[in-house]
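# mind looking at a prediction? Sequence and model below.
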Amino acid sequence: MKKLLKSLNTGFYVNVDGSPSCLKSYPIMKRSTSLFYFAILAFASLSSAASAQDLPVSRTAGVIDVSLPTNKASLVSIPLVNIVASGTITSVSGTTLGVSSNLTSSLSTAASPHAIKITSRDNQAGTSGYGQTGQISANATGAGTSTVTTTAALTPSVGDEFVIYQLETLSSLFGAPPAAGWNGAGSSASADLVYLDDAGTLSAYFYKNTTTFGGAGWRLASGGSVSQNNTVIRPNRGVYVQRRNAGSAFTLRSTGVTLPGNETASVVTGFSIINNPFTVPTTLAGSGLSGYVSGGAAATGADILYLETAGVLTGYFYKNTTTFGGVGWRLVSGGTTDQGAVALTPGKAILFQEKTAPLGFALPEPFAQ
Amino acid sequence: MKKTLFILSLLAATLSSVSAATLIADITTNGLTLADGTTPLANGRIRFGTFVVSNSLISANANDLAYLNTNFREVVNYTGAIGFTFESVVYPGIFDATGLGSATTYAGGSTSYGGTTFDGSTGNTNNVAGDIAGGSIYMWVLNNAVVSNATQHGIFVNNANVWTDSDTTPITDSFFDLDPLNTTALVGTLSVGADLGGGNPSHSLATVAAIPEPSRAILGLAGLGALFFRRRRNA
């Protein structure tokens, strides 16, 4: 792993936790291509809503800029988030979890949605919710009385660790209006498109820049005049961007800290845009993803992972038969060459096509396991 | 023999793949008016597809609805009221994808439309000649549900929007609008009508001029001939 990090690190190492009690320091990289990193400081950004029960864990803070070229498709992940609280689970009751943090405000407003992620399985005797994330639909505040309710039940045990972080919306991620370069328009046929997945299908959104029929704002491409500015990029999800041959260079900036723990995502038959939460590259073979996809002798019967490079989507499947080169990752387009060394690039989401019975989806931390 | 037939039927089923897609059309920025430039096209028929003749032939035969109909390959169509609802107010003459409803869903793949295959390269995204996928999207608008009964119509082609190949991952939907910067009016006129609420001048239809029927033309010529003959006799 160290060798991999060393080979990829063209920048410098930053100890992101200035305090002596820092447990880890991660490399922050600088890349000069469409995706580049440059590091910044600071554990201080974590302190906004943290409580006395915060865990003594350092996290990587930084900025990731992802270039979205015109007339290209881009799969974009959101690896850096704003963590507002962390601690341990104090109770589990259906969709409601007691948390050790002292929550002080609503975490489920339309403009500022949040999610809770289970980041450890300290209680080995209990059920495991490690890596699970749920959007918060309601919460109670106060020291010793704080709880969060999620839209779907998570299964941690008392004593497991969690973080609560802010989810992105279309307007918070892209801007409303988006910065210069983005191609808004009066209709979806002329505008840049952002796709979000929902129940296996992809829905398109565009930025309407005209003043009629409700004014400017994010809209569903499928019609209507209802503002979609507060449409949430759900937990575990990235976005698929299709830019038109118009506008100019546009860079999507992700700031904050990395989320700890595995990324476990629920998937259904169809397409899911899985967020890659890690700022360290890994490979198909090294990712451990083969344990969470349905393989096959050929691509026709297997789940497909699409990775995007320079606007081109390439499909891969896990070949689980021993013939013709044996078990391993293969190109959907054919061939017997093993594709295990193909990189999962930070800042790039994974388009996952579930074809058979969903197994769930998990992306282990590349540097921890 | 049975086994061979079974394999052949499976092969045929595979080759004739059909994938559903949606045409997302939106003309809320301009809208459509009748030839007078002021009356919104509140009812009619909207046809999306492609023509198998050149744009110049379409324009040259603008008054020959039968000729145009023969050479049109309709993929989706909508017939009925044309309007966009915003805050409980209906704006006739304009619509978005919601207004067209389920009429915008179509089958891709090797589906044939009037003898023309939608995607002639199933299994890949190569753009082959003679199929619909990859070609421009034409919108043929008529002021009557029945083509032959229409008295006004317009044919618009958006040069920036194409029918999306059925093998495009992950999106197979097609998009269409009437942005004047990318649209050509083969029949009708761009941006000359009233603002229907979209903030821009509407596009107008053209009146279908009557084409003389052969029998009437012959009768007319005979009448002229008789008149000429009579005048010569009188002289």
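It's in. Just so we're clear, the structure is a prediction, and the values are computed from it rather than from any experiment.
# got a pLDDT number for the residue in chain B positioned nearest to chain A?
Using C-beta to the nearest C-beta, the closest approach of chain B to chain A is made by residue B:98 at 3.1 Å. (Each C-beta comes from the backbone N, C-alpha and C, glycine too.) We have a pLDDT of 87 for residue B:98.
# that one - that's part of a helix, no?
Yes: looking at residue B:98 with DSSP: H, G, I helix; E, B strand; the rest coil, it is inside a helix.
# need the contact list for it.
Contact analysis of residue B:98 by C-beta atoms under 8 Å, 6 or more residues apart in numbering or on different chains lists A:222, A:223, A:224.
# tell me how far the residue positioned nearest the centre of chain B lies from residue B:43.
Centroid-nearest residue in chain B, with C-alpha atoms, centre = their mean: residue B:140, separated by 2.7 Å. Per C-beta to C-beta, to the nearest Å, residue B:140 is found 16 Å from residue B:43.
# residue B:115 now?
For residue B:115, the distance to residue B:43 - C-beta to C-beta - is 30 Å.
# of those two, who's got more company?
Comparing residue B:115 with residue B:43 by other C-beta atoms under 10 Å in any protein chain shown, the one with more neighbours is residue B:43, at 15 against 7.
# if we can go back for a sec, closest one of the contacts of residue B:98 to chain B?
Using C-beta to the nearest C-beta, the contacts of residue B:98 come closest to chain B at residue A:223, 3.1 Å.
# quick check, pLDDT for the residue nearest to the centre of chain B.
In this model, residue B:140 is scored at 98, pLDDT.
# compare the contacts of residue B:98 and tell me which is most surrounded.
Comparing those by number of neighbours (other C-beta under 10 Å), residue A:223 comes first, having 22 neighbours.
# can I take it that that one is in a helix?
No: checked against three-state DSSP, residue A:223 lies outside a helix; its state is coil.
# now do the phi/psi pair for it.
Phi and psi for residue A:223, reported as degrees, to the nearest 10, are phi 120, psi 170.
# show me the helices in chain B, by range?
B:2-15, B:55-60, B:65-70, B:97-100, B:214-234 (DSSP state H).
# kindly report the same for the stretch 251-369 of chain A.
A:284-287 (DSSP state H, counting those that start in this stretch).
# and the residue of it nearest chain B?
For the stretch 251-369 of chain A, C-beta to the nearest C-beta, closest residue to chain B: residue A:271, 5.0 Å.
# how about that residue, nearest residue that isn't a chain neighbour?
Once flanking residues are discounted, residue A:271 sits nearest to residue B:170: 5.0 Å by C-beta to C-beta, 6 or more residues apart in numbering or on different chains.
# tell me the contacts of that neighbour?
A:195, A:202, A:240, A:271, A:306, A:313, A:351, A:353.
# hmm, try it at 7 Å
Residue B:170 makes contact with A:202, A:271, A:351, according to C-beta atoms under 7 Å, 6 or more residues apart in numbering or on different chains.
# not counting its neighbours along the chain, what's nearest residue B:121?
residue B:128 (4.9 Å).
# flag every residue of the stretch 251-369 of chain A that's near chain B.
A:271, A:306, A:313, A:351 (C-beta under 7 Å from any C-beta of the partner chain).
# make JSON lines out of those and add pLDDT and neighbour count.
Compiled in JSON lines, those are given as follows (pLDDT from 0 to 100; neighbours: other C-beta atoms under 10 Å in any protein chain shown):
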{"residue": "A:271", "pLDDT": "95", "neighbour count": "22"}
{"residue": "A:306", "pLDDT": "97", "neighbour count": "22"}
{"residue": "A:313", "pLDDT": "95", "neighbour count": "17"}
{"residue": "A:351", "pLDDT": "97", "neighbour count": "25"}
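# can you redo those residues as a markdown table with distance to residue B:20?
Listed next are those as a markdown table, based on distance: C-beta to C-beta, whole Å:
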| residue | distance to residue B:20 |
| --- | --- |
| A:271 | 14 |
| A:306 | 20 |
| A:313 | 20 |
| A:351 | 19 |
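# which of the residues you listed sit farthest apart?
Farthest apart among these by C-beta to C-beta are A:271 and A:313. That separation is 11.3 Å.
# identify the contacts common to these two.
residue A:351.
# low-confidence stretches in chain A?
Scanning chain A for pLDDT under 70 picks out A:1-59, A:123, A:126, A:357-359, A:366-369.
# who's the nearest residue to the residue nearest to the centre of chain B once chain neighbours are set aside bridged to?
Residue nearest to residue B:140 in three dimensions, not counting chain neighbours: residue B:47, with 4.4 Å by C-beta to C-beta, 6+ apart. Beta-bridge pairing for residue B:47 (DSSP bridges): residue B:77, residue B:140.
# how much space separates the nearest residue to residue A:297 once chain neighbours are set aside from residue A:351?
Leaving out its chain neighbours, the residue that sits closest to residue A:297 by C-beta to C-beta, 6+ apart is residue A:321, at 4.5 Å. As judged by C-beta to C-beta, residue A:321 and residue A:351 stand 24 Å apart.
# buried sites along stretch A:116-123?
A:116, A:117, A:118, A:119, A:120, A:121 (16 or more other C-beta atoms under 10 Å in any protein chain shown).
# what does it contact?
Applying C-beta under 7 Å, 6+ apart, the contact partners of stretch A:116-123 are A:97, A:128-134, A:136, A:148, A:150, A:154, A:156-165, A:259-261.
# if any of these are buried, give me the ChimeraX selection for them.
Applying 16+ other C-beta under 10 Å to the contacts of stretch A:116-123, the buried members can be selected in ChimeraX as follows:
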select /A:97,128,129,130,131,132,133,134,136,148,150,154,156,157,159,160,161,162,163,164,165,259,260,261
